[in-house]
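> I need the structure of the sequence given here:
(chains A and B, ligands or ions: 1)
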Amino acid sequence: MSLRDQVAIVGIGCTEFSKDSGVSTLTLAARAILAAVEDAGVQASELDGIATFRVGDSVPPAILAQSLGIRDLRYFVDQFGGGSVSHSIVGQAALAIHAGIAETVVCYRALNARSEFRMGGTGRPPVDAIETQYQAPFGYFTPPQQFAMAARAHMERYGTSAEQLGAVAVQQRANASLNERAMMRKPISLDDYLASRWIVEPFRLLDCCLETDGAVALLLTSAERARDLRQDPILISGVTWGSGQTLYSNQQPDSTRTSAADMAPRLFEMAGVGPHDIDVAELYDCFSYSVLVQLEDYGFCKKGEGGAFVESGATALGGSLPVNTHGGFLSEGYVHGLNHVYEAVSQLRGDAGERQVENAQVALSAAQPGYVSGNTSALVLRRDS
Amino acid sequence: MSDAIPKPLPHPDRDSEPYWKALSQGRFQLQRCGSCNALRWPPRALCNRCVGFEFEWVDVATTGRIVSWTRTHQVFAPAYRGEVPYTTVAVALDAQEDISMIGGWSTDRDPRAGETVRIRLVDAPEGFKLPCWEPA
Ligand SMILES: [Zn+2]
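Model prediction:
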């Protein structure tokens, strides 16, 4: 039997998002998990599975199991990786529940990504990767550099403009102004964007995600059991993860296309929907450009037209496809992909307050689309009807 | 201060050691597959077109085409404090255009997408030579 609509997200929790949490990643994870448990109306002792991903920067599942009083953890996922694998842990949890290995699984990501372990690698050697040796000696070892290289190629090939990148930042800040969880809520203009300082050309400061301390947790159980719990179940209609080509694979020299383009048809087929059925999309926005390329690679617009699509207002609240309604990593905070799932669930429940997308029934939440590692992952979620 | 932490050097692995060694001797060599004749890079034990393990190291054309470029303003590591802003390029090789590599650029003007460039080997500590690029 297909996994479609068999497992539901029944609880969501998060901590405050800040520049300095002042606490350990264990504390952050526990707070978010207990909030998700409370949201679902279950007991922490009922958890029998825990899933996370990390890059050596966070507390592992076993320590949480001990801390939460779980005596017999039946299932765990301790996935190595960054944002590209963020949605895959939700898929792995769903598989375990569907297979009867575990019944109540919590997925979390907890990080002190500003106060302790910055993703850009400032102050520590580059992460261990086979391909680092071909980049680091040129002073090129951080995500903003890698994404800026791809963004420039897109600008050269398709005429994507600074103003179009800026439109992503401006729209998302407007959304964040309606989100009490967001770290940056003061609206910005395109002029503010253009005046912000260079980080790595063609990226300015306002093209780049916030570095954030915080945690998000998502509680999953079977759709059948979900119908007896406190919240409206949000069903996992489709989930997929995979790996495509990287800059270094000799087969995909075109950095204007991502692994998401290979994966999207599988994802939509599993969910039984197409891009036109998506009411709201939360797209991994480590940088403004990654939103544009995902709009293209998930089929919301033609290749090369992501910039024009955003500039048209289609992706703003009230547009045909509101994107990153929480403000995204650019303005809400950077919890490595799981805060996108949290927002998608809020929207489908109808709990998103002033930024609620009217009658949101189906959502796409997507991970980093596959630069650097080639990996990506994504979810299609829908209201139980 | 800025010299306290040195700039990263290549850290050759068992597949890439001959590549870096050839560069240090002033030669730009890639692996040519013994089964399907395709070039491959980065250095790997097997060909991702035909999964053949046979190969030989061959001298290849030292020219290519600019695919993209960036200019780094942010100091991401202390060793680069005196270097910013600096330019980095992505180059598709003439030898086989589906191979692209990242490299340094020290010419005074900006690179232009599509322009033809050639390798300039730049000396680095410990005998390494880094493949950087300049207008051809
Ligand atoms: Zn071959």
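> show me where pLDDT drops low in the chain?
Just so you know, I chose chain A. Across chain A, residues meeting the criterion (pLDDT under 70) sit at A:120-129, A:245-253.
> wrong chain, I was asking about chain B
If you take pLDDT under 70 as the line, chain B has these spans: B:1-4.
> Which residue ranges make up the domains of it?
Domains of chain B are assigned by automatic domain parsing as B:11-60, B:61-136.
> Deepest-packed of those, please.
Comparing the domains of chain B on average neighbours per residue, with mean count of other C-beta atoms under 10 Å in any protein chain shown, the densest one is domain B:61-136 at a mean of 18. Heads up, the C-betas are built off the backbone N, CA and C, glycines and all.
> How far does that domain stretch from one end to the other?
End-to-end distance of domain B:61-136: 12 Å, with C-alpha to C-alpha, to the nearest Å as the criterion.
> re earlier: tell me which of the domains of chain B approaches residue A:180 most closely.
Residue A:180 lies closest, by C-beta to C-beta, to one member of the domains of chain B: domain B:61-136, at 30.4 Å.
> Just give the nearest non-adjacent residue to residue B:27, would you?
residue B:59 (6.1 Å; C-beta to C-beta, 6 or more residues apart in numbering or on different chains).
> Who are the contact partners of that neighbour?
B:27, B:28, B:29 (C-beta atoms under 8 Å, 6 or more residues apart in numbering or on different chains).
> nearest to the ion, of those residues?
For the contacts of residue B:59, the minimum distance to the ion (C-beta to the ion) is 17.0 Å, reached by residue B:29.
> Please name the residues that touch the closest residue to that closest one other than its chain neighbours.
Of all residues not flanking residue B:29 in the chain, residue B:22 sits nearest, at 4.1 Å (C-beta to C-beta, 6+ apart). Counting by C-beta under 8 Å, 6+ apart, residue B:22 makes contact with B:28, B:29, B:57.
> Let me know the closest of the contacts of residue B:59 to residue A:212.
residue B:28 (42.7 Å).
> Distance check, that closest one against residue B:98.
17 Å (C-beta to C-beta, to the nearest Å).
> Need the domains of chain B in TSV (columns: distance to residue A:366).
Formatted as TSV, the domains of chain B follow (distance: least, C-beta to C-beta, whole Å):
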stretch	distance to residue A:366
domain B:11-60	26
domain B:61-136	23
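> For residue A:62, see how far away the residue most central in space within chain A is.
Note on chain A: the residue nearest the mean C-alpha position is residue A:337, at 2.3 Å, using C-alpha atoms, centre = their mean. Distance of residue A:337 to residue A:62, given as C-beta to C-beta: 22 Å.
> near chain A, anything from the lengthiest strand in chain B?
The longest strand of chain B (DSSP state E) is strand B:63-72. Yes - using C-beta under 8 Å from any C-beta of the partner chain, we find that strand B:63-72 touches chain A at B:67, B:68, B:69, B:70, B:71, B:72.
> same for that strand, what does it pack against?
helix A:143-158, strand A:198-201, strand B:86-93, strand B:116-123 (3 or more C-beta pairs under 8 Å, 6 or more residues apart in numbering or on different chains; DSSP states H and E).
> repeat that for 10 Å
On a contact count with 3 or more C-beta pairs under 10 Å, 6 or more residues apart in numbering or on different chains; DSSP states H and E, strand B:63-72 meets helix A:143-158, strand A:198-201, strand B:86-93, strand B:100-105, strand B:116-123, strand B:129-135.
> nearest to residue A:294, of these?
Taking these one by one with C-beta to C-beta, helix A:143-158 is closest: 12.0 Å.
> Give me the distance from that closest one to the chain's centre.
20 Å (C-alpha atoms, centre = their mean, to the nearest Å).
> touching chain B at all, that helix?
Yes - under the criterion of C-beta under 10 Å from any C-beta of the partner chain, chain B is reached by helix A:143-158 at A:144-157.
> out of the residues you listed, who's near the ion?
Near the ion, judged by C-beta under 5 Å from the ion, there are no entries from those.
> which of the residues you listed lies closest to residue A:184?
Distances from residue A:184 to the residues of helix A:143-158 next to chain B, taken by C-beta to C-beta, are shortest for residue A:144, at 17.5 Å.
> Return the residues in contact with the closest one.
A:119-120, A:151, A:199-200, A:203, A:207-209, A:286-287, B:70, B:72, B:74, B:76 (C-beta atoms under 10 Å, 6 or more residues apart in numbering or on different chains).
> do that again at 6 Å, thanks
A:199, A:200, A:203, A:208 (C-beta atoms under 6 Å, 6 or more residues apart in numbering or on different chains).
> Minimum distance to the ion, which residue of the stretch 1-150 of chain A gives it?
Closest point on the stretch 1-150 of chain A to the ion, by C-beta to the ion, is residue A:130, at 19.3 Å.
> in a helix, that's where that residue is, yeah?
No - under DSSP: H, G, I helix; E, B strand; the rest coil, residue A:130 sits outside any helix and is assigned coil.
> follow-up on the earlier one: of the contacts of residue A:144, which pair is most distant in space?
A:200 and A:208 (8.7 Å).
> Which residue of the two possesses the greater neighbour count?
Under the criterion of other C-beta atoms under 10 Å in any protein chain shown, the comparison of residue A:200 against residue A:208 puts residue A:200 first, with 29 against 25.
> Tell me what that one is bridged to.
Under the criterion DSSP bridges, residue A:200 forms beta bridges with residue A:203, residue B:72.
> Please look at it and residue A:145 and confirm they touch.
Yes - Residue A:200 is in contact with residue A:145 according to C-beta atoms under 6 Å; the separation is 5.1 Å.
> Next, show the common contact partners of these two.
Residues touching both residue A:200 and residue A:145 by C-beta under 6 Å, 6+ apart: residue B:70.
> For the residue nearest to the centre of chain A, which non-adjacent residue is spatially closest?
residue A:86 (2.7 Å).
> My reading is that the residue nearest to residue B:29 lies in a helix. Confirm?
Yes - looking at residue B:22 with three-state DSSP, it is inside a helix.
> Quick check: it vs residue A:99, distance?
From residue B:22 to residue A:99 the distance is 50 Å (C-beta to C-beta).
> same check, this time on residue A:149
Distance of residue A:149 to residue A:99, given as C-beta to C-beta: 41 Å.
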